[in-house]
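>>> Need coordinates for the below:
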Amino acid sequence: MLESHVCKICNEAFDAPLILQEHHLVHTGKKTYSCEKCGCWFTTSSAYERHSLMHSDQLYLCKLCDKKFLEEKELNKHFLSHAEKKLDHICQNCNKAFSSKSYLTKHLKIHSAPKSHVCEGFCWLRIKYVW
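Residues are numbered from 1 along each chain as shown. Predicted coordinates:
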């Protein structure tokens, strides 16, 4: 049996000490991986690698809200969430629909602010908005 390396904070076990060491960054909040394309910072290499895929041309884009997905099945699942919500907050610039005024307000900034950083899709779920 392989030796297990256990986090003393959350008791999660890992197969290698280096993986445990990187995992500890989750608890400290220290972000050591930076995306060269958009400037986002990440705690773990796996989060950074998944984010990097979002800059690929091989993405599935939601036509209602511009979120990006790596797999078509993720997009299909997401699309169902639009059917469950009333999309009555419409952007007057591009006609995209949102389920809340706060989502519309955040979206509107891409029309008014300089495009120094617009990171959509997966990042909306993983990091705080960078506005």
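>>> what distance separates the start and the end of stretch 35-43?
With C-alpha to C-alpha, to the nearest Å as the measure, stretch 35-43 spans 12 Å from end to end.
>>> actually stretch 6-13, not the one I typed
By C-alpha to C-alpha, the extent of stretch 6-13 from end to end equals 4 Å.
>>> Tell me which residues of it come out buried.
Going by neighbour count (16 or more other C-beta atoms under 10 Å), nothing in stretch 6-13 comes out as buried. The C-beta positions use only the backbone N, C-alpha and C, and glycine is treated the same way.
>>> What's the mean pLDDT across that stretch?
Averaging pLDDT along stretch 6-13 yields 89.
>>> go on, stretch 25-33?
For stretch 25-33, the mean pLDDT works out to 79.
>>> what does it contact?
Stretch 25-33 is contacted from outside by 7, 9-10, 41-45, 47-48, using C-beta atoms under 8 Å, 6 or more residues apart in numbering.
>>> For that stretch, list the C-alpha coordinates in CSV.
Extracted as CSV, the C-alpha positions of stretch 25-33 are listed here (Å, rounded to 0.1, in the frame of the first residue of the first chain):
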residue,chain,number,x,y,z
LEU,A,25,-1.8,26.7,-0.3
VAL,A,26,-5.5,26.2,-0.5
HIS,A,27,-5.6,26.9,3.3
THR,A,28,-3.2,29.9,3.2
GLY,A,29,-4.9,31.5,0.2
LYS,A,30,-1.4,32.1,-1.3
LYS,A,31,-1.7,32.2,-5.1
THR,A,32,1.5,31.3,-6.9
TYR,A,33,0.3,30.5,-10.5
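>>> Give me the distance from that stretch to the chain's centre.
Stretch 25-33 sits 16 Å away from the centroid of its parent chain (C-alpha atoms, centre = their mean, to the nearest Å).
>>> ok, and for it, which residues are buried?
Across stretch 25-33, burial judged by 16+ other C-beta under 10 Å covers 25, 33.
>>> likewise stretch 84-102?
Neighbour-count burial for stretch 84-102 flags 87, 89, 91, 96-99 (criterion: 16+ other C-beta under 10 Å).
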